[in-house]
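Visitor: got a structure for you, letters missing:
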């Protein structure tokens, strides 16, 4: 009976063992499926993932690993990781270090095939007896990080360089507002130095916003009249019926609504100093005759008065119009033009002196960072976009743009996308081939960003964009992140 009982018990134990074996096989299959699912998830990660067994044989890699290293799964899976080092694919094998040291190891390596710098972290996995069964290595591409660090250092270096240059300008020019190193600006500085201490009338011409008033103020500040009044009047901003009384003053009761007391005009207020007649091309013909008399006779007559009043005023005129064309059309007096045009100064538009855009931008950054207590800087790619913009509003527009960026942008680092979002692309000059201010890598980045951003905004799918551009979907995701493409 005992023998029969033992046999039945043995059968029961065998059945239990078979059941447990079946359970273990099912767990193993589930574990294998879990590993496959893990790699499917891993393919959506931009970091590279590699699994190596305890013998150093590669069991699997994800798509990110291939993109970073340039090594396909067929070249590495099933092979010993040391073989990759021997073939000079890697400079070191972190997995082997982990197996040897039985602990987590991190190392920076160079991928020979792609030339990328990477951070590799190997994590050991142990069985219940403390033996390593697998090593999971995670590879992070440091190329972009290193590039960003270099760009930041370059930006900081340029910031300091331009800050010193601006300081030198200020020290050498009595806190000059005339910033620029273009030959045309250097020429204007030389003219100012020669003409400032004379009494010659100066006619400053140029587009709106180029800095005509800055040049006029520099002439006054460098003249023998610098301690006297400097008066600016915009001839286009004052109604014609009021302009004469503003310039020459009026006697008491000279016209309806006039003050009971006499009023001094701006020419009298500026006596012994300097007066800038801005937008002189907008001055009515009737008043042009009186301005001519001021220049010839050095005297004025108030509105409603008969007595001539002697004045000693340095006259500077400025215009954004072609006065010679106006002479032909009969809207400007030829004799007044020749009286004003004793020393002509023509300020070129900002788009014709691109070398000054960087200097001016850094100057405005410094000014508005200080004004608003901010610490923002311009990335190299952002500066490139500024240099490619048409600047129809010239220096004044650049100043306004920088001030707006300082106020509204939340990040301390201002990127090219911030500039493009503000200015748009219709006035950007995309002549990469003729540019001497950008590296090939920066040009490629800008072109890549433009193509990917436009495609994403049109198709709203990273998979569709990847298909159109002939790359993988993780590549589009990674590049969108690295290029700062957020809203699409």
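Guide: Perfect, I can see it now. No experiment lies behind these values; they were computed from the predicted model shown. Residues are numbered from 1 along each chain as shown.
Visitor: any idea how far residue 402 is from residue 371?
Guide: As for residue 371, its distance to residue 402 is 11 Å (criterion: C-beta to C-beta, to the nearest Å). Placement of C-beta: from N, CA and C, glycine included.
Visitor: So which of those two has more stuff around it?
Guide: residue 402 (24 against 11; other C-beta atoms under 10 Å).
Visitor: In contact with that one, which residues?
Guide: If you count contacts by C-beta atoms under 8 Å, 6 or more residues apart in numbering, residue 402 has them with 361, 364-365, 368.
Visitor: Tell me which entries of those lie within helices.
Guide: 361, 364-365, 368 (DSSP state H).
Visitor: Among these, find me the one that's closest to residue 126.
Guide: residue 365 (54.7 Å; C-beta to C-beta).
Visitor: count of residues packed around the closest one?
Guide: Residue 365, neighbours per other C-beta under 10 Å, totals 22.
Visitor: Skipping its backbone neighbours, what lies nearest it in space?
Guide: Leaving out its chain neighbours, the residue that sits closest to residue 365 by C-beta to C-beta, 6 or more residues apart in numbering is residue 402, at 5.9 Å.
Visitor: if I look at that neighbour, how far off is residue 391?
Guide: Distance from residue 402 to residue 391, by C-beta to C-beta: 12 Å.
Visitor: do the same with residue 183
Guide: 18 Å.
Visitor: The two: which has the busier surroundings?
Guide: Higher neighbour count among residue 183 and residue 391: residue 391, with 23 against 11, using other C-beta under 10 Å.
Visitor: so that one, which of the three states?
Guide: Under DSSP: H, G, I helix; E, B strand; the rest coil, the three-state class of residue 391 is coil.
Visitor: Excluding sequence neighbours, find me the nearest residue to it.
Guide: residue 350 (4.4 Å).
Visitor: Pretty sure that neighbour sits against residue 401.
Guide: No: between residue 350 and residue 401 there is no contact under C-beta atoms under 8 Å: 11.5 Å.
Visitor: Remind me which helix or strand the closest residue to residue 324 other than its chain neighbours belongs to.
Guide: For residue 324, ignoring the flanking residues on the chain, the nearest one in space by C-beta to C-beta, 6+ apart is residue 337 at 7.3 Å. For residue 337, the element it lies in under DSSP states H and E is helix 334-340.
Visitor: and the helix or strand that that helix is followed by, what other elements does it pack with?
Guide: Remark: after helix 334-340, the chain's next helix or strand is strand 343-346, criterion DSSP H and E. For strand 343-346, the packing partners by 3 or more C-beta pairs under 8 Å, 6 or more residues apart in numbering; DSSP states H and E come out as helix 183-195, strand 202-205.
Visitor: Nearest residue to residue 406 in space, ignoring adjacent ones along the chain?
Guide: In space, residue 406 is closest to residue 368, 4.2 Å off (C-beta to C-beta, 6+ apart).
Visitor: okay but that neighbour is in contact with residue 404, surely?
Guide: No: if you go by C-beta under 8 Å, residue 368 and residue 404 don't touch, sitting 9.3 Å apart.
Visitor: Between these two, which has more neighbouring residues?
Guide: residue 368 (18 against 12).
Visitor: Mind pulling the model confidence for that one?
Guide: Model confidence at residue 368, given as pLDDT, is 94.
Visitor: Quick check: the gap between it and residue 408.
Guide: In terms of C-beta to C-beta, residue 368 sits 12 Å off from residue 408.
Visitor: again, but for residue 469
Guide: Taken as C-beta to C-beta, the span from residue 469 to residue 408 is 32 Å.
Visitor: In terms of neighbours, single out the busier of these two.
Guide: residue 469 (15 against 9).
Visitor: Surely the more buried one touches residue 476?
Guide: Yes: the criterion here is C-beta under 8 Å, and residue 469 meets it with residue 476 at 7.2 Å.
Visitor: picking that back up, backbone phi and psi for the residue nearest to residue 391, please?
Guide: phi -60, psi -30 (degrees, to the nearest 10).
Visitor: give the contact list for it.
Guide: Residue 350 touches 209-210, 356-357, 360, 391, 394-395, 398, counting by C-beta under 8 Å, 6+ apart.
Visitor: repeat for residue 267
Guide: So residue 267 contacts 247-249, 275, 294, 300, 311, 313 (C-beta under 8 Å, 6+ apart).
Visitor: Which one of those is nearest to residue 376?
Guide: Distances from residue 376 to the contacts of residue 267, taken by C-beta to C-beta, are shortest for residue 275, at 38.6 Å.
Visitor: What average pLDDT does the helix or strand where the closest one lies get?
Guide: Residue 275 is located in strand 274-278, with elements delineated by DSSP H and E. Averaged across strand 274-278, the pLDDT comes to 96.
Visitor: Same check on stretch 180-189?
Guide: 92.
Visitor: Pull out the buried residues from it.
Guide: 180, 182, 185, 188-189 (16 or more other C-beta atoms under 10 Å).
Visitor: Then stretch 454-471?
Guide: 455-456, 462, 465-466.
Visitor: What ranges does the stretch 351-488 of the chain have for its strands?
Guide: 377-378, 413-414 (DSSP state E, counting those that start in this stretch).
Visitor: still on that earlier bit, in a markdown table: the contacts of residue 267, plus neighbour count and secondary structure.
Guide: Listed next are those as a markdown table, based on neighbours: other C-beta atoms under 10 Å; DSSP: H, G, I helix; E, B strand; the rest coil:
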| residue | neighbour count | secondary structure |
| --- | --- | --- |
| 247 | 23 | helix |
| 248 | 24 | helix |
| 249 | 23 | strand |
| 275 | 24 | strand |
| 294 | 19 | helix |
| 300 | 23 | strand |
| 311 | 19 | coil |
| 313 | 24 | coil |
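Visitor: What's the end-to-end length of stretch 49-61?
Guide: 6 Å (C-alpha to C-alpha, to the nearest Å).
Visitor: got the buried residues for it?
Guide: 49-52, 56, 58, 60-61.
Visitor: Can you tell me which of those is nearest residue 239?
Guide: residue 49 (74.7 Å).
Visitor: Can you name the residues bridging to the closest one?
Guide: Listed beta-bridge partners, residue 49: residue 138 (assigned using DSSP bridges).
Visitor: Tell me, what's the model's pLDDT at it?
Guide: Looking at residue 49, its pLDDT stands at 89.
Visitor: Pull the contacting residues for it.
Guide: Contacts of residue 49 by C-beta under 8 Å, 6+ apart are 39, 42, 61-62, 64-65, 136-139.
Visitor: Turn those into CSV, columns for pLDDT and distance to residue 193.
Guide: Output for the contacts of residue 49, formatted as CSV (pLDDT from 0 to 100; distance: C-beta to C-beta, whole Å):
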residue, pLDDT, distance to residue 193
39, 54, 73
42, 55, 68
61, 88, 69
62, 88, 67
64, 85, 62
65, 87, 65
136, 90, 71
137, 89, 67
138, 89, 64
139, 88, 61
